[in-house]
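Participant: Provided below are the primary sequence and the corresponding predicted coordinates.
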Amino acid sequence: MFHKILIANRGEIALRIIRTCRELGIRTVIAHSTADAQSLPVRVADESICVGPDDARGSYLNIASIISAAVVTDSEAIHPGYGFLAENPAFADICRTCGLTFIGPSPEAIRLMGDKAQARVIAKQAGVPVVPGSELPLKDEGEAADLAEAAGFPVIFKAAAGGGGRGMRIVRARAEVPQAFAACQAEAGAAFGSSEIYCEKYIEEARHVEVQVLGDRNGIRVHLGERDCSVQRRHQKLVEESPAPSLPAETRAGLHKAALAAAAAVNYVSAGTVEFLVDARSGEFYFIEMNTRIQVEHAVTEMITGIDLIREMIRVAAGEPLGYRQDAVRLEGHALECRVNAEDPVTFAPSAGRVTSWIAPGGFGVRVDSHLMTGYFVPPFYDSLLAKIIVRGRTRAEAIDRMRRALAETVVEGVKTTIPFHLKVLSDPAFVEGRFTSVDGVRLSAA
């Protein structure tokens, strides 16, 4: 096992990793920007080291600074958390070259699954259903228009190297192709350094369901059930739950099998998530991508399995076997997660500023993952996530009631938050009955 790990991240996920390391007897070093010098992760870690300015490009995305920080602090491994360098194969390669263990999958697996067009090909070859569309990045708008016609409108253009909902455009007619193609290319190039895009059929009444997988170096892979992440705004997840409601048993079993097949196709080691679209009308499902990192919403899976995913990532990276197979995994109860963001609950405009009061909810079946503290200044430079409120109930109805209670007793003053939005979602009949397919503001679309 490692004696010291450098954490190349910030916020709640950095604190989450520190806590598991402490339980494992591993010393932690937090690499931070100047903006995060007084943050809770910096206070709690055994050591801290500043790696650059407020701007993430000079700090959390500065590979040279991160590697240097690991070397000078005598760290053996680096945990990237999510976002920033978590899915950067070049960073994982450099860690390996410098004798540092990257706590995550191999650079090869990240590279193979990081390109969405290539990932589609791999999934299809593994027998996993994929959404009809282009197998390779589109050459030009003419090819885009022809493939869109073949797949059938509406279609969606996506950045091949994209994520987080950026570099995406829904196209409903051939006349819209030129403008959407150009806009998607421009956004993809600016956001990801690659303007390659591909096209796939847009499923109008779809649910976003993902399957958590774990793999070790001995080729043992298990799934830990699925999560429904359909409640989104501009492709950003807001509410997640496990298990997914209203899924036919056959569809659920098929998703689990397909996720393991996709992971095996790239010899996947560590924690990863295989994402699918499920057609609410037919129950058919389609692979869309694999996230080769820990997910923001991993806590709902931990709540129903009792398995610490960060702990498993560290153990596997250190060369330890999982030590169990699929039949040992138990999925019990129902869990929900609400992402509390520093945003206006109506307009979703960012709300930076100082937190003048913070009271976290508690009680039976409630977990809060947060780096908040009274007096904390929410910086305008990074993601707006303040806290994840996670609950578990024996049933979905109990989990919803518990989440309503937890949100109602949460106090965040000084900045606006999305808590009012979540309370509206949790009272929407379509959500309560599990009939939803998507969300727009606070209006759910019933399946």
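Facilitator: Thanks, I have the structure now.

Participant: quick one: the helices in the stretch 301-447 of the chain?
Facilitator: For the stretch 301-447 of the chain, the helices defined by DSSP state H, counting those that start in this stretch cover 309-317, 396-408, 419-427, 429-432.

Participant: er, the stretch 151-300 of the chain actually
Facilitator: Using DSSP H, counting those that start in this stretch, helices in the stretch 151-300 of the chain cover 177-192, 249-265, 298-305.

Participant: what residue is smack in the middle of this structure?
Facilitator: Gln295 (3.4 Å; C-alpha atoms, centre = their mean).

Participant: ok, it - contacts?
Facilitator: Tyr82, Glu210, Gln212, Thr273 (C-beta atoms under 8 Å, 6 or more residues apart in numbering). From N, CA and C alone the C-beta is placed, and that goes for glycine too.

Participant: residues in contact with the nearest residue to Glu204 once chain neighbours are set aside?
Facilitator: Leaving aside its chain neighbours, Glu204 sits nearest to Pro154 (7.0 Å; criterion: C-beta to C-beta, 6 or more residues apart in numbering). Contacts for Pro154 (C-beta under 8 Å, 6+ apart) come out as Ile170, Val171, Arg172, Lys201, Tyr202, Glu204.

Participant: per-residue confidence for Pro154?
Facilitator: pLDDT, Pro154: 92.

Participant: same check on Ile304?
Facilitator: Looking at Ile304, the pLDDT reads 98.

Participant: for Val51, find the nearest of the helices of the stretch 151-300 of the chain.
Facilitator: Nearest to Val51, of all the helices of the stretch 151-300 of the chain, is helix 177-192, at 22.1 Å by C-beta to C-beta.

Participant: show me what that closest one is in contact with.
Facilitator: 138, 141, 144-145, 148, 157-163, 166-171, 194-197.

Participant: what about the strands in the stretch 301-447 of the chain?
Facilitator: 334-341, 353-354, 357-359, 366-370, 377-378, 385-393, 411-413, 436-440, 443-446 (DSSP state E, counting those that start in this stretch).

Participant: so which of these is nearest Phe2?
Facilitator: strand 366-370 (22.5 Å).

Participant: sorry, back to before: how far away is the residue nearest to Glu204 from Met1?
Facilitator: 51 Å (C-beta to C-beta, to the nearest Å).

Participant: just to revisit the earlier point, how about the helices of the stretch 151-300 of the chain, which one is nearest Ala8?
Facilitator: helix 298-305 (17.6 Å).

Participant: so the closest one versus helix 309-317, what angle?
Facilitator: Going by axes from the mean of the first three to the mean of the last three C-alpha atoms, to 10 degrees, helix 298-305 is angled at 90 degrees with respect to helix 309-317.

Participant: chain center to helix 298-305, what's the gap?
Facilitator: 14 Å (C-alpha atoms, centre = their mean, to the nearest Å).

Participant: could you identify which of the helices of the stretch 151-300 of the chain is most buried?
Facilitator: helix 298-305 (a mean of 24; mean count of other C-beta atoms under 10 Å).

Participant: other residues contacting that helix?
Facilitator: Under C-beta under 8 Å, 6+ apart, the answer for helix 298-305 is 212, 224-225, 227, 240-243, 271, 307-309, 329-337, 367, 369, 388, 390-392.

Participant: same thing with stretch 243-262?
Facilitator: 122-123, 126-129, 207, 209, 211, 213, 221-223, 225-228, 274, 276, 278, 283-285, 287, 290, 304, 331, 334, 396, 434-435, 447.

Participant: model confidence over that stretch, on average?
Facilitator: On average, stretch 243-262 scores 97.

Participant: next: stretch 105-123.
Facilitator: In the prediction, stretch 105-123 has an average pLDDT of 93.

Participant: can you give me the neighbour number for Lys424?
Facilitator: Lys424 has 15 neighbours, counted by other C-beta atoms under 10 Å.

Participant: any idea how far Thr418 is from it?
Facilitator: Distance from Lys424 to Thr418, by C-beta to C-beta: 10 Å.

Participant: residue ranges of each domain in the protein, please.
Facilitator: 4-103, 132-201, 206-446 (automatic domain parsing).

Participant: mean pLDDT lowest where, among the ones you listed?
Facilitator: domain 132-201 (a mean of 88).

Participant: report the distance from it to the chain centre.
Facilitator: 22 Å.

Participant: cool, and stretch 6-21?
Facilitator: That offset, for stretch 6-21, works out to 15 Å (C-alpha atoms, centre = their mean).

Participant: next: stretch 343-358.
Facilitator: On C-alpha atoms, centre = their mean, the centre of stretch 343-358 falls 22 Å from that of its chain.

Participant: could you list the residues in contact with that stretch?
Facilitator: Residues contacting stretch 343-358 (C-beta under 8 Å, 6+ apart): 233, 342, 372-380, 384, 411-421.

Participant: can you say which of those are buried?
Facilitator: 233, 342, 372, 376, 378-379, 384, 412, 414-419, 421 (16 or more other C-beta atoms under 10 Å).

Participant: and which of these is nearest Arg57?
Facilitator: Pro379 (14.6 Å).

Participant: which residues touch the closest one?
Facilitator: Ala35, Asp36, Asp54, Ala352.

Participant: from these, which two are the most distant?
Facilitator: Across these (C-beta to C-beta), the longest gap, 13.6 Å, separates Asp36 and Ala352.

Participant: what angle separates the longest strand along the chain from helix 309-317?
Facilitator: Assignment by DSSP state E gives strand 221-233 as the longest strand of the chain. On the basis of the same axes, to 10 degrees, strand 221-233 is oriented at 140 degrees to helix 309-317.

Participant: and strand 221-233, how far out from the chain's middle?
Facilitator: Worked out by C-alpha atoms, centre = their mean, strand 221-233 lies 10 Å from the chain centre.

Participant: what's the answer for stretch 51-62, then?
Facilitator: 21 Å.

Participant: what does that stretch contact?
Facilitator: Contacts for stretch 51-62 (C-beta under 8 Å, 6+ apart): 8-10, 31-35, 50, 65-66, 68-69, 84-85, 379, 381-382.
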